[in-house]
Structure formats: C-alpha cells, structure tokens
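> Could you look at this predicted model? Sequence included:
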Amino acid sequence: MKMNDIRDGHYTLAQTYLNSGQYAEAITNFSAAVKIDPDFINAYHGLMLSYFGEYQLEEAEKAAQAALNIDPSYQPALTFLQIIALPPLKRGDLKYAPAENTEPDVRMSVSRENPEPAGEIPRLPHIENTPEQVPTENVEPDVSAPIDSESPELSIDSNKEMERGLVFLNNKQYPQAEAAFKKVIQANPRDAVAHYNLAQTYLEIGAFSDAKREADIVERINPGYQPIRQLQTAINFLSKREKQQRIQKQLIRYLLPLAAVIIVGFITFRYGVFDRLLPEKIPPNLRIDATLKDPTNNNGSIDAEEKGHLELMISNSGSSAKDLEVRIFPNSIGGLKYQSPDRTFNLRKNGFEIIRIPMTADKRVRTRKVPINIQVLDKQQRPLAATDYELSIKSK
C-alpha cells in the first residue's frame, strides 16, 4: 500500500470523527496524516478545527500557522486567526430598555456577527442543561425574564462558545456551529447575537423554517438590530425559490408527456431545426448588498482601533456563473487595513454567496466618509455587477 493511500485513509477517518464531534479521535488521525505528509495543508485545517473543538486554542493556532507556512494565503487559516483575535462579548455590551405600556422588552446592542441547501437538518446530541436556563425544544425563549448579570456562564462559557460557533460557521462545520450557538442560548435565551448566528447556520444548510424562527426571535428581542433585515431578505428569497422549484417539478411531471409528443411532431415537420427549441441562454444577473459589521459599538461606523468586517451578499437571478471574484476600489484607505478577497466562487441560478472582508482601523484614523466601489468580475475580468458603498470612519 502506498504512503499516500495510508495518509488519505487517516484523513478520511479524521473527517468522519470531526463531523461527529469526536475531536480527540480526529486529532489522532489528522496528526497521523501530517506525520506521513508534512505538506498536507487540508489535514492541518482539520487539525486546527479539532483542537479548537477540544478548547485547545494554543494548539489550534499552531495548526493554523503550520498551514500558513505551507501557503501564506490559505484563507481558512487566515479567517480562523482573524476571528479568534476579535474582542469577546462583554456584559457591558448588553443594554435593556422597557417599552411603554407593555411587559418589559429587551433592547440589546449586539457586538458580533454566512450554500448548498441540505435536505435535512443534522440532529445533534443532547446538551446537558437545567430547566431554569433553557426552554424545551420547539418552545420559544422567555424574553421577559431577568438576566443574572453575575452569572459566570454568561461572562466566560458563553463567550467561548460564541467564538467556537463563529469559527465553525466560517469553516462550514454547521452541526458544530449549531451546537455551540445553542449552548449560548441555553445560558441566555435572550442573546440576540446567538439567535442571529444560529439563524445564519440554519440558512446555509437549507433549514429555512428554523432560520426564520430564529430571525423572528432576534427581531422581537432587539427590533432595532439592522443586520437582521438582510438575513430575513435572504430567508424569504430562498424560501420563495424552494416553493417555485416544487411547482416546477409538479408541472414537469404533468406536462412532460405532452411536451414530448409536441416536440416529436415539431421535429417531424421541421427536421433540422431542433436547436430552435432550446431556450436562449440569459446572462447572469447579479446584485450586491453591503453591510458593515462593527462589533465594538454597532454604530454603522468603523472606529479607531476597531476590528470589523464588510459583509457582502451577492445574489444571482440570471444564469449560473463560475470563477467569480470580488474587487474593492480604492485598493487602500489611509488608516484602514483591508484587502479584496483572493478566492473565487460560483453562483448558480437563483443562488447567493456571502463574503466577509475583515477591516481594521488604526488609532490615528481620521473621521470621514469614504465612497468605495465594489465589483464582481468573471474569469475574463469583466464586471458583472457593481455597487457604491459609503464607508463611515470615526476617530477617537
């Protein structure tokens, strides 16, 4: 047996363990794979996620750095290091205000932030909790109950699980991301950030009803949270597409025999013109929606010494498009660090892609509004879509 076959066997087994949450077994097999092939970058990626799942952050960072030593532009490792560098959620980030003439209503200023639809939502193992902390399954959280501000789980475990969930979400480990965000919600059922990220997770696996439920919870907890509008738009868009696909399948089932008879008759009388029956291919029709996610103040601006990201949702209502890339102009802004994404992506008809562009402002940045132009290019560098966005920057 060749060494590459042994390496691939360890890697396949490790992926199975990782996807089922058996992180220790995954670490053993990923480590065996990189021992055989020290340049096996995908194994380092899996090792990074496995160590992170075991709460071994230092070892996870080492695995990410090992991947970057092989390829300095390896995006999963870069994204992982950027996410764990974000400041954690603090108690001071939670703000409440009662509504007039109603039961107390929670107003939260949130500070944290995502497809091929899957047919069935993965079922996760039961997470231990107490009845006082978490509502039972299919029961919406009680948003009127008070939060114990001295709870150590809110200040320590919830922050850790939120960070784990974001890493898993960005690396398309959706069952693990779902489990992490649910743990945060168990500790605090009114955490709008956790519900928002859980809605994103459900959206990306095609569980639209679950995604809508979580998005509705966020809107009730914090009606002023603007990013939920974009997420609700995506949920409605995909739900409508799914309904149209069901109708199309029904029409095809009933009309296909009749269409076959018509086509055969047409070819009989017009032999040689079959190509005219084919519909004319329409070009891709892309749309770009941009939103600034600033985790510190959530004020729609990136402040001095703040780390945030520009989130782009690129949707396509035309024909499919391949090898697309995003470009941002200007290439640089004084006092602000960012760069255009260096990966390509595909968009099928009625599909969409979410791209996050990390941004960091230095402490001497000047207050101003900078117009930027965002373009989507095909592999011939032809622009297929463009939009203008006014980036707000604030000094201290």
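On my side now, so go ahead. This structure is a prediction, so every number in the text was calculated from the model and none was measured.
> who does the lengthiest helix in the chain touch, helix- and strand-wise?
Longest among the helix segments of the chain by residue count, using DSSP state H, is helix 227-269. For helix 227-269, the packing partners by 3 or more CB pairs under 8 Å, 6 or more residues apart in numbering; DSSP states H and E come out as helix 192-204, helix 208-221, strand 286-293, strand 307-316, strand 352-361. For the C-beta atoms, the positions are set from N, CA and C on the backbone; glycine is no exception.
> I would like the residues contacting stretch 384-396, please.
Identification of contacts with stretch 384-396 by CB atoms under 8 Å, 6 or more residues apart in numbering yields 284, 286-290, 292, 299-305, 310, 314, 321, 324, 333, 335-336, 361, 363-378.
> Would you mind checking those residues for buried ones?
Neighbour-count burial (16 or more other CB atoms under 10 Å) is assigned, among the contacts of stretch 384-396, to 284, 286, 288-290, 292, 301-304, 310, 314, 321, 324, 333, 335, 361, 365, 372, 374-378.
> Residue 81: neighbouring residues, count only.
Using other CB atoms under 10 Å, the number of residues around residue 81 comes to 15.
> ok, it - contacts?
Taking CB under 8 Å, 6+ apart, one finds 61, 64 in contact with residue 81.
> Please report phi then psi for it.
phi -70, psi -30 (degrees, to the nearest 10).
> where does the stretch 151-300 of the chain dip in pLDDT?
The stretch 151-300 of the chain contains residues with pLDDT under 70 at 151-156, 264-281.
> Try it again at 50.
Counting by pLDDT under 50, the stretch 151-300 of the chain shows low-confidence ranges at 151-156, 274-275.
> Tell me what the residue lying closest to residue 333 once chain neighbours are set aside is bridged to.
Computed as CB to CB, 6 or more residues apart in numbering, the closest residue to residue 333 that is not its neighbour in sequence is residue 370, at 5.5 Å. Taking DSSP bridges as the rule, residue 370 bridges to residue 391.
> again, but for residue 302
residue 393.
> hang on, the earlier thing: in TSV: the helices and strands packed on helix 227-269, plus distance to residue 81.
Output for those, formatted as TSV (distance: least, CB to CB, whole Å):
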stretch	distance to residue 81
helix 192-204	19
helix 208-221	28
strand 286-293	18
strand 307-316	12
strand 352-361	10
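> okay, these, which one's buried deepest?
Mean neighbours per residue, mean count of other CB atoms under 10 Å, is largest over the helices and strands packed on helix 227-269 for helix 192-204, with a mean of 26.
> was I right about residue 26 contacting residue 50?
Yes. Between residue 26 and residue 50 there is a contact under CB atoms under 8 Å: 4.1 Å.
> Can you check which residues contact both of these two?
By the contact definition CB under 8 Å, 6+ apart, residue 26 and residue 50 are jointly contacted by 14, 17-18.
> Secondary structure added to those residues, as a markdown table?
Below are the shared contacts of residue 26 and residue 50 laid out as a markdown table (DSSP: H, G, I helix; E, B strand; the rest coil):
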| residue | secondary structure |
| --- | --- |
| 14 | helix |
| 17 | helix |
| 18 | helix |
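> burial measure for residue 186, as a count.
Neighbour count for residue 186, taken as other CB under 10 Å: 22.
> how near is it to residue 357?
Separation of residue 186 from residue 357 (CB to CB, to the nearest Å): 32 Å.
> Surely residue 365 is in a helix?
No. Per three-state DSSP, residue 365 lies outside any helix segment and is coil.
> Leaving out the residues flanking it, which one is nearest to it?
residue 335 (3.3 Å).
> That neighbour against residue 361, yeah?
Yes. The pair residue 335 / residue 361 is scored as a contact, 6.1 Å apart, by CB under 8 Å.
> tell me the contacts of the closest residue in space to residue 169 that isn't next to it in sequence?
Nearest non-adjacent residue to residue 169, counting by CB to CB, 6+ apart: residue 177, 4.1 Å away. For residue 177, the contact set (CB under 8 Å, 6+ apart) comprises 165-166, 168-169, 197, 201.
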